[in-house]
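Q: I'd like to go over a predicted model; first the sequence, then the structure.
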Amino acid sequence: MGKPEALPSRTKAPRGEAQRAALPKAPTGISGLDEITLGGLPRGRPTLVCGAAGCGKTLLAMEFLLRGAEQFGEHGVFMAFEETEQDLVQNVRSLGFDLDKMIAENKISVDYVRVERTEIEETGEYDLEGLFLRLGLAIDAVGAKRVVLDTLETLFGGFTNQALLRSELRRLFRWLKDKGVTAIITGERGEGQLTRQGLEEYVSDCVILLDHRVREQVSTRRLRIVKYRGSTHGTNEYPFLIDENGIHVLPLTSLQLNHGASTERISSGIPQLDSMLGGEGYYRGSSVLVSGTAGTGKTSLSAHFANATCARGERCLYLAFEESPAQLVRNMKSIGVDLSPWIKKGLLRLEASRPTLLGIEAHLAVIHKMVNEFQPQVVLLDPISNLSAAGSGAEAEAMLLRLIDFLKSRQITAMFVHLTSGGSNWEKTDVGVSSLIDTWILLRDIELAGERNRGIYVLKSRGMKHSNQIREFLITPEGIRLEEVYVGPEGVLTGSMRAAQEDREKAAAMARAQEIERKQRELARKRAALEAQIAALRAEFEAVAEESKVVTEQDRAREQQLSENRNAAAIRRGADAAKRNRK
Amino acid sequence: MSARNPHNPEKWELRLYTAGQTPKSLAAIKNLKKVCEEHLAGRYEIEVIDLLKNPRLAKDDQIVAIPTLVRKLPDPVRKIIGDLSDTERALVGLQLRQQS
């Protein structure tokens, strides 16, 4: 993680900012802790870190010193009452720190203070000036700005004069404050109080409580800031984990609904599914839930999405809780999705772990850390239902809520695979996250005519027009293919019934085509007949017209003949011209 | 009453760590000398170390409380803290008397 100042303050921002200016803080450099404390521990003051044995007190204190020296140029002194220098060096080496080197470079000084009751006889008055001298010398030797006292309470085991011890402790804390060093004092958790010896009485500026709980055989580490005088801070219990890079605290307070909403769409990897989702696929940064019973192709569907993501050149984090990476790659190859090149290219990261390996919140912390490291555009969790095995239902729900929120705030598209237990309501998840989900794809088996086939439908998809069809989908060696929909009297037809229906429809179509052809032929014939009739009539008509012309011609010729004959007769009779003309 | 230890006839080497001339330190020196004169006359050696002058020795010799008396010899090393005003306990601590 970078400098804590650069981290977004995810808690109560404005007030925290104002107070941060008022109260100087020393950043711890511990991933997540600076976010919760809004900048680190109170500078120049002691902080009490308490918790039961084995909860990580020493490590937290040590990491504070080491990161201080490494990242912030503040040298430190580690005063150990329980472990020798060699033990400490070895212990932190396994967590990725080279304490030896830091000591050699004079950045850190380790002083092992051995207090053994059996070797000590008390005879009258004394004080702990020796401790002060040693501490003062060590601070001066490395120019320390940070001091760790681990675990101061050992002193109570070594000395009998409790009253004296308490007054000396009070003096010690005052002295540390005067020195202006930022100190961490660790204390063992006591009955009914934070520490066995009531150290919180002396260290009143900042108290951090670490906890290591085991529930149903699963352990979770948690951190809580009990008090932080003069500063706001996250008040929840935050899960943390210890891995090869030290401590990672998971800030969980960001539960505001203010993440951005992208309008960009990304493909699901299955063209037909994209078309069911308004033709373009999922929204970037949305949460997709794929639920279904066993063997309905949930993992295949998510593998397609992973494949499509990597094909776009984006990074994809695939968290598998059921299959090992090798098994997943092999199985997906059998359906035509080859994930191995993406893994080689570094675009796909397959992480498999048993859900019960960690507590539910530790899982969240691990995911958080992996997302921060890998910076993926898409995160897949397969399946989330197994996570509920790592915690109670309410816990799993809370964790998923946080996870969804976290991923959304990063604009990471998330796909959650959920295994619905057989017989339960389809449209319900055991972990009640459905209301948080943007796109919910339901896979189900459809039993029909002695066959079990797979059906897919989009139960909801916020902000887009999506198909309401139940479609059958096939897992073929070339990948997932969604079939056309055939609805029969009993619902969607699937499998061989769909094939039969397809055949029937094909036959019917052929019959229809033949019928049309036949009708067309008949019509053509009729038309031809009519045309012939028309031609005959026309011929008849023409004949009649011809005849009528001939008759007229003859008639006119006869008339002329008659007239000529009359004239000739008149001339013969000698009739007058007028009479002839009148005519 | 003074049970001199017959098994330790050799020399006693004692080292007293103090921090400056505090009343407690001065009392411790005074009390130590008294005890030694009474029980180890002639065969003891006291070295007083002022940690204000030699602070490094506090770490090397694992000193936490002041004043601390360390019995370097005879073996085993014993540590006695306080101003030695409780003579009985001082004697027990130095193993000059069995714990009653």
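A: It's in.

Q: My guess is A:D100 contacts A:Q90. True?
A: No: at 9.6 Å, A:D100 does not count as touching A:Q90 under the criterion of C-beta atoms under 8 Å. All C-beta spots, glycine's among them, are computed from the backbone N, C-alpha and C.

Q: For the stretch 151-300 of chain A, what lies in contact range of chain B?
A: Contact residues, the stretch 151-300 of chain A versus chain B (C-beta under 8 Å from any C-beta of the partner chain): A:L155, A:G158, A:F159.

Q: Check which helix or strand the first one maps to.
A: Pointing back at A:L155 there. Using DSSP states H and E, A:L155 maps to helix A:154-158.

Q: Tell me the residues of chain B that contact chain A?
A: B:17, B:19, B:24, B:27-28, B:31, B:51-52, B:55-56, B:58-59, B:62-68, B:77-87, B:89-90, B:92-93.

Q: Out of these, name the ones that lie in strands.
A: Secondary structure from DSSP state E places B:Y17, B:T68, B:R78, B:K79, B:I80, B:I81 of these in strands.

Q: Give the buried subset of the residues you listed as a PyMOL selection command.
A: Buried subset of those, written as a PyMOL selection, criterion 16 or more other C-beta atoms under 10 Å in any protein chain shown:
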select buried, chain B and resi 17+68+78+79+80+81
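
Q: In chain B, where is pLDDT below threshold?
A: Scanning chain B for pLDDT under 70 picks out B:1-9, B:98-100.

Q: who are the neighbours of the one helix or strand A:Q533 maps to, in terms of helices and strands?
A: If you go by DSSP H and E, A:Q533 is part of helix A:495-573. Contact here means 3 or more C-beta pairs under 8 Å, 6 or more residues apart in numbering or on different chains; DSSP states H and E; on that basis helix A:495-573 packs against strand A:451-461, helix A:577-582.

Q: Could you tell me the least trusted of those?
A: Lowest mean pLDDT within the helices and strands packed on helix A:495-573: helix A:577-582, at a mean of 56.

Q: re the thing from before, what mean pLDDT does the helix or strand following the helix holding A:L155 have?
A: Note on helix A:154-158: by DSSP H and E, the next helix or strand toward the C-terminus is helix A:162-179. If you average the pLDDT over helix A:162-179, you get 89.

Q: which parts of helix A:162-179 are buried?
A: Neighbour-count burial for helix A:162-179 flags A:L164, A:L165, A:R166, A:E168, A:L169, A:L172, A:F173, A:L176, A:K179 (criterion: 16+ other C-beta under 10 Å).

Q: Ok, stretch A:484-500 next?
A: For stretch A:484-500, using 16+ other C-beta under 10 Å, the buried residues are A:Y486, A:V492, A:L493, A:T494, A:G495, A:M497, A:R498.

Q: Same question for stretch A:127-141.
A: Quick answer for stretch A:127-141 (16+ other C-beta under 10 Å): A:127-139.

Q: chain center to that stretch: distance?
A: Stretch A:127-141 sits 52 Å away from the centroid of its parent chain (C-alpha atoms, centre = their mean, to the nearest Å).

Q: Using PDB, write out every CA atom in it.
A: The C-alpha coordinates for stretch A:127-141 follow below in PDB (Å, rounded to 0.1, in the frame of the first residue of the first chain):
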ATOM      1  CA  ASP A 127      12.900   2.000  41.300                       C
ATOM      2  CA  LEU A 128      13.100   1.100  37.600                       C
ATOM      3  CA  GLU A 129      15.700   3.700  36.700                       C
ATOM      4  CA  GLY A 130      17.600   0.900  34.900                       C
ATOM      5  CA  LEU A 131      14.800   0.500  32.500                       C
ATOM      6  CA  PHE A 132      14.600   4.200  31.800                       C
ATOM      7  CA  LEU A 133      18.400   4.400  31.300                       C
ATOM      8  CA  ARG A 134      18.300   1.500  28.800                       C
ATOM      9  CA  LEU A 135      15.400   2.900  26.900                       C
ATOM     10  CA  GLY A 136      16.900   6.400  26.900                       C
ATOM     11  CA  LEU A 137      20.200   5.000  25.600                       C
ATOM     12  CA  ALA A 138      18.500   3.000  22.900                       C
ATOM     13  CA  ILE A 139      16.400   6.000  21.800                       C
ATOM     14  CA  ASP A 140      19.500   8.200  21.600                       C
ATOM     15  CA  ALA A 141      21.500   5.500  19.800                       C
END
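
Q: neighbours around residue 83, how many?
A: As the question left the chain open, I've gone with chain A. When counting by other C-beta atoms under 10 Å in any protein chain shown, one arrives at 17 neighbours for A:E83.

Q: The intended chain is chain B.
A: For B:D83, the neighbour count with other C-beta under 10 Å is 25.

Q: Contacts only, for it.
A: By C-beta atoms under 8 Å, 6 or more residues apart in numbering or on different chains, the residues touching B:D83 are A:T123, A:G124, A:E125, A:Y126, B:K24, B:S25, B:A27, B:A28, B:N31, B:P67.

Q: Check B:L73 too.
A: When contacts are counted by C-beta under 8 Å, 6+ apart, B:L73 touches B:E10, B:K11, B:W12, B:E13.

Q: any idea how far it lies from chain A?
A: Distance, B:L73 to chain A, by C-beta to the nearest C-beta, to the nearest Å: 16 Å.

Q: Return the set of residues that bridge with that residue.
A: For B:L73, the beta-bridge partners are B:E13 (DSSP bridges).

Q: Which part of chain A gets nearest to chain B, residue-wise?
A: The nearest approach of chain A to chain B comes at A:E121, 3.0 Å away (C-beta to the nearest C-beta).

Q: Identify the residues contacting that residue.
A: Taking C-beta under 8 Å, 6+ apart, one finds B:R78, B:K79, B:I80, B:I81, B:R89, B:A90, B:V92, B:G93 in contact with A:E121.

Q: Counting neighbours, what do you get for the fifth one?
A: A count of neighbours around B:R89, defined by other C-beta under 10 Å, yields 18.

Q: Taking the centroid of the chain, which residue is nearest it?
A: No chain specified, so I'll use chain A. Nearest residue to the geometric centre of chain A (C-alpha atoms, centre = their mean): A:A414, 2.3 Å.

Q: oops, chain B please
A: Centre-nearest of chain B using C-alpha atoms, centre = their mean is B:L69, 3.5 Å out.

Q: Touching, that residue and B:L32? I think so.
A: Yes: using C-beta under 8 Å, B:L69 is in contact with B:L32, at 6.4 Å.

Q: between the two, what contacts are shared?
A: B:L14, B:L16, B:L84, B:A90.
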